[in-house]
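Asker: compute the structure for the input listed below.
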Amino acid sequence: MKIDLTPLYANTVGFDRFGSLLDAALSADRQSAGYPPYDIELVGENKYAITLAVAGFQDNEIDVQVELGVLTVRGRKDEAKKDSRYLHRGIATRSFERKFNLADHVEVVNAQLDNGLLKISLVKEIPEAMKPRKIPVGNTTQAIENAVES
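Answerer: As a prediction, the model looks like this:
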């Protein structure tokens, strides 16, 4: 299903990323949408954590990258260990790729693998120029005096 968002672009400025996010969401492969399972947690006021259940993967088999506001986590299992014979195989060790769209000013701090859980720490750091600031309100006489003194 493809939606043409061209009319939306004609009347908006700066929302180009919104359209591509919508296109990506509509065309995503639904079969792999559930693997690996994950949690997104609010850890503090501007701190977040994404935890993925990656049982059976070693740290050298997992790749975490951030590019253009998209966090990508990939897992590739070493195929050299196929000499085992299983009577039942319930632990999923297939390759995966999971993407997360990051909001503006959200940065990845680190990633740690512990007991089959990959925990990615994120922090939202708003630049000083974008933080709200108080503008003092004075009368016209004070404004003119301050401008003359400068």
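Asker: mean confidence for the helix or strand encompassing Y48?
Answerer: Taking DSSP states H and E as the criterion, Y48 maps to strand 47-53. The pLDDT scores in strand 47-53 average 94.
Asker: show residues contacting it.
Answerer: Outside strand 47-53, the residues that touch it by Cβ atoms under 8 Å, 6 or more residues apart in numbering are 36-43, 71, 73, 98, 100, 106, 116-124. From N, CA and C alone the C-beta is placed, and that goes for glycine too.
Asker: any stretches of this protein with poor pLDDT?
Answerer: 1-33, 79-83, 140-150 (pLDDT under 70).
Asker: domains of it: list them as residue ranges, please.
Answerer: For the chain, the structural domains run 1-30, 34-127, going by automatic domain parsing.
Asker: how about the helices of this protein, start to end?
Answerer: Here the chain has its helices, by DSSP state H, at 6-10, 16-27, 140-149.
Asker: next, format the domains of the chain as TSV and append mean neighbour count.
Answerer: As requested, the domains of the chain are arranged in TSV below (neighbours: other Cβ atoms under 10 Å):
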stretch	mean neighbour count
domain 1-30	10
domain 34-127	13
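Asker: the ones you listed: which one's closest to P136?
Answerer: With Cβ to Cβ, the closest approach to P136 among those belongs to domain 34-127: 22.2 Å.
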